[in-house]
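Q: sequence and predicted structure below; questions after.
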Amino acid sequence: MGRLIVIEGLDGAGKRTLADKLTAAFAEQGATVGTRAFPRYGLSVTADLVQDGLHGRLGGLGDSVYGMAVLYALDRQGARDDLLSDLASFDVVLLDRFVASNAAYGAARLHESADGAFVSWVKSVEIDRFGLPVPHAQLLLRVSAELAAERATHRENVDSRVRDNWESDTPLQVRVGQVYDELATKSWLSPWHVVDGSTDLDVLSLTGTLLA
Ligand SMILES: Cc1cn([C@H]2C[C@H](O)[C@@H](COP(=O)(O)O)O2)c(=O)[nH]c1=O
């Protein structure tokens, strides 16, 4: 059975770059790696609806924290069998965002902490009812909301990728960062490793820790 390792962090933290570096480093250490990212834009109708919601095209549903969270959760539920089969075939399954994204963003939108009702609800729906696998470890790629916004703006200019309504909401991003810190401190679902996303990482030593 492979290890499910999840990368979490703010929009613009550099999760995709870290996923690429970790994939190469795991391979260098002889581990086979499968990667996935959530939401599964272009692959699932629920993820495409999420995108509509993020860009204000779902009316009141986009404004509903629980409504949007259900869409994200259904997208993952639809990938459950694929995830379980990946875990049976690879040593490491590396995910760019998972259940904790729902917990952090939803709680932040509701101005709740990681000890609030929303975070418990996410676990009860996604882990207890949908039966999604619990991560072996979660990596919090920690950057300030200012640096994340700078990177997201740069990506917007370079890739012509329009920032969604949440990405351009800096106070929201600050609260998301706080909830992530709390989730890591309380080892929500599994152990968390907090890594500094503002400097170059020692990826080989990180993979060593994750494989130990
Ligand atoms: C995967 C996921 C993302 N999100 C948020 C984080 C981002 O602001 C936004 C889109 O994610 P993305 O920028 O990684 O594509 O959705 C949730 O609120 N819940 C989730 O389950």
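A: Now that the structure is in, tell me what you want to look at.
Q: from the ligand, how far out is the residue nearest the centre of the chain?
A: Residue closest to the average C-alpha location in the chain (CA atoms, centre = their mean): Arg97, at 2.0 Å. If you measure Arg97 against the ligand using CB to the nearest ligand atom, to the nearest Å, the figure is 4 Å. Every residue, glycine included, has its C-beta placed from N, CA and C.
Q: wait, that residue touches Leu10, no?
A: No. Arg97 is beyond contact range of Leu10, at 11.0 Å (criterion: CB atoms under 8 Å).
Q: please enumerate the shared neighbours of these two.
A: In terms of CB atoms under 8 Å, 6 or more residues apart in numbering, Arg97 and Leu10 are not both contacted by any residue.
Q: for the nearest residue to the residue nearest to the centre of the chain once chain neighbours are set aside, give me its contacts.
A: In space, and not counting its chain neighbours, Arg97 is closest to Phe38: 4.7 Å by CB to CB, 6 or more residues apart in numbering. By CB under 8 Å, 6+ apart, the residues touching Phe38 are Ala47, Tyr72, Asp75, Arg76, Ala79, Leu95, Asp96, Arg97, Phe98, Ser101.
Q: which residue packs closest to the second one, ignoring adjacent ones?
A: Spelled out, that is Tyr72. Nearest non-adjacent residue to Tyr72 (CB to CB, 6+ apart): Asn102, at 5.1 Å.
Q: is the helix or strand of the chain with the lowest mean pLDDT positioned near the ligand?
A: Least confident element among the helices and strands of the chain, by mean pLDDT, DSSP states H and E: helix 145-159 (a mean of 84). No. Using CB under 6 Å from any ligand atom, helix 145-159 never reaches the ligand; the gap is at least 8.7 Å.
Q: packing partners of that helix?
A: Applying 3 or more CB pairs under 8 Å, 6 or more residues apart in numbering; DSSP states H and E, we find helix 145-159 packed against helix 170-185.
Q: quick check: pLDDT value at Ser160.
A: Predicted confidence (pLDDT) for Ser160: 68.
Q: go on, Leu211?
A: Model confidence at Leu211 (pLDDT) stands at 91.
Q: which SS state does the residue lying farthest from the centre of the chain fall under?
A: Largest separation from the mean C-alpha position in the chain: Gly30, at 25.4 Å (CA atoms, centre = their mean). Secondary structure, DSSP: H, G, I helix; E, B strand; the rest coil: Gly30 is coil.
Q: and it, how far from Thr207?
A: 11 Å (CB to CB, to the nearest Å).
Q: also Leu141?
A: Here Leu141 is placed at a distance of 15 Å from Thr207 (CB to CB).
Q: what secondary structure does Leu140 sit in?
A: Look at Leu140: counting by three-state DSSP, its state is strand.
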